[in-house]
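A.B. asks: Mind folding the following:
(one chain, ligands or ions: 2)
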Amino acid sequence: MVMHESDIGRTDPITLTQWILTQQQIKAPNARGNLSILLNAICVACKYVESAVRKAGLAGILGLAGSGNVQGEDQKKLDVLANEVFINVLKRCGQCSVLVSEEIDEEILIEGGGDYSVVFDPLDGSSNIDCGVSIGTIYGIFKKPADEPASVRNVLRPGRELVAAGYCLYGSSCSMVISVGGPPTHFTLDPSLGEFVLLSPALHVPNSGKIYSINEGNSVLWDAPTSQFVKECKQPAKGGDPKSLRYVGSMVADVHRTLLYGGVFMYPADSKTNTGKLRLLYEGNPMAFLVENGGGRAITGSGPVLDLQPGKIHERCPIFLGSKQDVDRIEALYNGAAEAVHAVQQS
Ligand code: AHM
Ligand code: MG
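C.D. replies: Numbering: from 1, shown residues only. Ligands and ions are numbered 1, 2, ... in the order given. As a prediction, the model looks like this:
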């Protein structure tokens, strides 16, 4: 059989585990490897959840679990399972002293734990579980300052202080995207190997994009800059092409597409909630960290998401993230909404 150049990678896959160890050698050759142990634990938890998602219908774990979470929403059985898996795996790996999960009211303090704190949404996009649409896990990792005891203060820090963040997408394929401070790296799960294998070492968000992503059903509640930006997407000035609307309603899927194809994903504040819906610690910050490290931007409308100082673990924030050019335009609309809107109307 003739072997083509494109076959070469197939017999020499780079696994996520190998990549984590290589990153440790490059970035911190004298480190004890504790972050590597933690990242490997997250990788195992994601594989567990992926396997549960794939057999959800067969194993009878779709539907409501009959309990509510801190946001007062119904929990799905898969939400409960994913949360349990993450908490158990993270506790057992011995590297964490503080855990914050979307599904748990209070932070979890681990006595005698390690130097790291993990904030996570174990299964995001839960309204999409029962109809087989993509869902995902989102996580962010902080390192505890050596002189600080384990407390909620370890995670009430701006996202810019994250040491790593990532997500796992349970979609038509299973993707893991992770950054330890450099460009996001993209892995896909090879089910026959049971391993995440490297797809792309460095994702770069295209500078501008042809897609906008927002829940248009809320348009009557939007503020002027959001309404104006969406209007410009549909009716571009000077004969440009309109952008396409794509909205899955699972942040992981919408952000993954934005990282790969460019464009902008938005969940703005509106006249009902002046914060928007998405949570800063385990949804906004990890995604903003990935997008900024990929050369894109993530703002709230009044500054970078990563500069926000959180006051509470479950607080929410407005978010606009994606291609630099598109987010620059949104920022300009927020900075001088009236002039910018007027200028566009005149053009
Ligand atoms: P969840 O954490 O309860 O799943 O909610 C978060 C999800 C995001 O994945 C998604 O971007 C958003 O909610 C969609 O909200 P909406 O249905 O209001 O458009
Ligand atoms: Mg969520």
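
A.B. asks: going forward, measure contacts between C-alpha atoms and count neighbours the same way
C.D. replies: Noted.

A.B. asks: Please parse the protein into its domains.
C.D. replies: Per the record, the chain has its domains at 13-200, 211-346, by automatic domain parsing.

A.B. asks: Now do stretch 160-174: distance to the chain's middle.
C.D. replies: Distance, stretch centre to chain centre, for stretch 160-174: 5 Å (C-alpha atoms, centre = their mean, to the nearest Å).

A.B. asks: ends of that stretch, how far apart?
C.D. replies: 27 Å (C-alpha to C-alpha, to the nearest Å).

A.B. asks: ok, now stretch 203-223?
C.D. replies: Using C-alpha to C-alpha, the end-to-end distance of stretch 203-223 comes to 32 Å.

A.B. asks: Repeat that for stretch 108-123.
C.D. replies: For stretch 108-123, the end-to-end distance is 18 Å (C-alpha to C-alpha).

A.B. asks: Need phi/psi at M251.
C.D. replies: For M251, the backbone dihedrals (degrees, to the nearest 10) come out as phi -60, psi -40.

A.B. asks: for Y267, same thing?
C.D. replies: phi -130, psi 90.

A.B. asks: Equivalent analysis for S213, please.
C.D. replies: According to degrees, to the nearest 10, S213 has phi -140, psi 110.

A.B. asks: wait, isn't it in contact with G249?
C.D. replies: No. Between S213 and G249 there is no contact under C-alpha atoms under 8 Å: 9.2 Å.

A.B. asks: quick one: which of these two has more around it?
C.D. replies: Legend: neighbour count by other C-alpha atoms under 10 Å for S213 and G249, higher for S213 (24 against 19).

A.B. asks: Quick check: that one vs A253, distance?
C.D. replies: Distance, S213 to A253, using C-alpha to C-alpha: 11 Å.

A.B. asks: Just send the domains of the chain back as a markdown table, with mean pLDDT too.
C.D. replies: Output for the domains of the chain, formatted as a markdown table (pLDDT from 0 to 100):
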| stretch | mean pLDDT |
| --- | --- |
| domain 13-200 | 90 |
| domain 211-346 | 93 |
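
A.B. asks: May I see those domains organised as a markdown table, with distance to ligand 1 added?
C.D. replies: What follows is the domains of the chain, written out as a markdown table (distance: least, C-alpha to the nearest ligand atom, whole Å):
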| stretch | distance to ligand 1 |
| --- | --- |
| domain 13-200 | 3 |
| domain 211-346 | 3 |
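
A.B. asks: Surely F320 is within a helix?
C.D. replies: No. According to DSSP: H, G, I helix; E, B strand; the rest coil, F320 belongs to no helix; its state is strand.

A.B. asks: list the contacts for it?
C.D. replies: Going by C-alpha atoms under 8 Å, 6 or more residues apart in numbering, F320 touches V264, F265, M266, Y267, P268, A298, I299, T300, G301, V327, I330.
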